[in-house]
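[1] this one's sequence-less:
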């Protein structure tokens with residue numbers, strides 16, 4: 001498949017990037033690694049007239065410890081860099097695992113964390129060939145007025161399938177944006193709209209600068225579990241990020257975030273409320289796993305059935321909690 005025609009721009013500063021965006025209007029799109037964007041362009045799902053690359057803007061690809069011992073990840077940091085940096089940081093194991101689960105080694109060498117977070121939502125009725133698009137009536141995401149997955153629905157149910165965002169969310173990361181008015185910081189959870197058609201709740205002229213993680217907490221352990229059919233290349237059909245902090249067997253904080261089952265990463269807030277101050281034993285683990293199962297209601301718009309994806313959410317929450325507890329005990 002060939003790409004559509006477009007003008008390529010590679011500004012050397014964020015200010016120049018914003019000027020290019022303003023000049024190009026709605027016909028421009030930002031490119032980081034391009035591994036997801038270029039595929040959409042080849043399918044003619046989008047046909048921007050201008051592609052603005054971040055690759056020549058200095059300082060966006062750094063990963064470093066901040067003064068308060070937190071961690072800052074530049075938006076164009078390659079996934080390979082992130083895997084190497086986080087491999088031995090137990091508190092942030094979910095970042096390592098979720099990044100390692102993205103695509104193949106070749107994809108991770110090219111893909112960036114910003115591109116992974118800001119990937120478009122997906123649906124098996126949307127991410128199809130041009131020939132298929134000509135035959136099937138356009139859905140909400142293709143500027144039509146129907147949903148092929150949920151009949152008579154007035155909204156889009158396309159699914160967010162990013163691996164890394166849920167890990168960042170349970171670890172309370174913040175996204176730093178460069179805007180015409182300066183820098184702005186938001187919790188990662190707040191950048192998503194929950195609308196499958198327009199999945200992000202930020203302005204077009206807000207450029208992701210970096211992601212900030214709080215200081216490493218030695219009593220915090222995290223993990224990420226992913227369900228997919230093929231081992232190497234698939235997007236998550238369901239994914240679970242877990243961050244657990246406990247003392248003496250008592251839960252201080254338990255955060256769960258799911259991906260691959262809704263138009264945005266979904267926090268199970270009542271899991272944290274239910275478990276806080278409780279003793280984390282087999283009974284509580286089973287209760288939380290069932291809570292996750294009861295909470296999710298995916299629709300039939302990905303390659304596997306909604307029932308199987310719900311089942312795998314329950315199983316991954318159970319397995320993930322058992323694994324995190326084992327790590328806690330091994331470091332206690």
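    Alright, I've got the coordinates. Just so you know, these numbers come straight off a predicted model, no measurement behind them.
[2] sec struct for residue 324, please.
    When the structure is split into helix, strand and coil by DSSP: H, G, I helix; E, B strand; the rest coil, residue 324 lands in helix.
[3] what sits against residue 173?
    Taking CB atoms under 8 Å, 6 or more residues apart in numbering as the definition of contact, the neighbours of residue 173 are 187, 188, 211, 212, 213, 214. Any C-beta I mention is one placed from the backbone N, CA and C, and that applies to glycine too.
[4] Can you flag the buried ones in those residues?
    Neighbour-count burial within the contacts of residue 173 applies to 188, 211, 212, 213, 214; the criterion is 16 or more other CB atoms under 10 Å.
[5] Reformat those residues as JSON lines; add secondary structure and pLDDT.
    Output for the buried ones among the contacts of residue 173, formatted as JSON lines (DSSP: H, G, I helix; E, B strand; the rest coil; pLDDT from 0 to 100):
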{"residue": "188", "secondary structure": "helix", "pLDDT": "98"}
{"residue": "211", "secondary structure": "strand", "pLDDT": "98"}
{"residue": "212", "secondary structure": "strand", "pLDDT": "97"}
{"residue": "213", "secondary structure": "strand", "pLDDT": "97"}
{"residue": "214", "secondary structure": "coil", "pLDDT": "95"}
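[6] so which of these would you say is closest to residue 294?
    Within those, the smallest distance to residue 294 is 25.2 Å, found for residue 188 (CB to CB).
[7] wait, the closest one sits on residue 175?
    Yes - with contacts counted by CB atoms under 8 Å, residue 188 reaches residue 175, the gap being 5.2 Å.
[8] what do these two both touch?
    Contact with both residue 188 and residue 175 is made by residues 117, 211, according to CB under 8 Å, 6+ apart.
[9] can you count the residues close to residue 129?
    Using other CB atoms under 10 Å as the criterion, residue 129 is surrounded by 12 other residues.
[10] So it sits against residue 39, correct?
    No - contact between residue 129 and residue 39 fails when scored by CB under 8 Å: they sit 11.7 Å apart.
[11] any idea how far residue 178 is from residue 170?
    Distance, residue 178 to residue 170, by CB to CB, to the nearest Å: 25 Å.
[12] Then residue 42?
    Counting by CB to CB, the gap from residue 42 to residue 170 is 34 Å.
[13] Please identify which of these two sits among more neighbours.
    In terms of neighbours (other CB under 10 Å), residue 170 is the more surrounded of residue 42 and residue 170; the figures are 27 against 14.
[14] need the contact list for that one.
    Counting by CB under 8 Å, 6+ apart, the residues that residue 170 touches are 94, 222, 241, 242, 243, 255, 256, 257, 267.
[15] contacting residues around the residue lying farthest from the centre of the chain?
    With CA atoms, centre = their mean as the measure, the chain has its most outlying C-alpha, relative to the mean C-alpha position, at residue 248: 32.4 Å. Residue 248 makes contact with no residue under the criterion CB under 8 Å, 6+ apart.
[16] Mind pulling up the pLDDT for it?
    As summarised for this prediction, residue 248 has a pLDDT of 82.
[17] Can you give me the domain assignment for this protein?
    Residue ranges for each domain of the chain read 1-56, 68-117+159-331, as given by automatic domain parsing.
[18] Of these, flag the one that's most buried.
    Sort the domains of the chain by mean neighbour count, taking mean count of other CB atoms under 10 Å, and domain 68-117+159-331 sits at the top with a mean of 19.
[19] for the stretch 101-250 of the chain, what spans make up the strands?
    If you assign secondary structure with DSSP state E, counting those that start in this stretch, the strands in the stretch 101-250 of the chain sit at 174-179, 182-187, 207-213, 220-227, 238-247, 250-259.
[20] Contacts for the fourth one next, please.
    Going back to what we said before, that points to strand 220-227. Contacts of strand 220-227 with the rest of the structure, by CB under 8 Å, 6+ apart, involve 90-95, 97-98, 101, 163, 166-167, 170-171, 236-245, 253, 260, 309, 312-313, 316-317, 319-320, 323-324, 327-328, 331.
[21] Brilliant, that's me finished.
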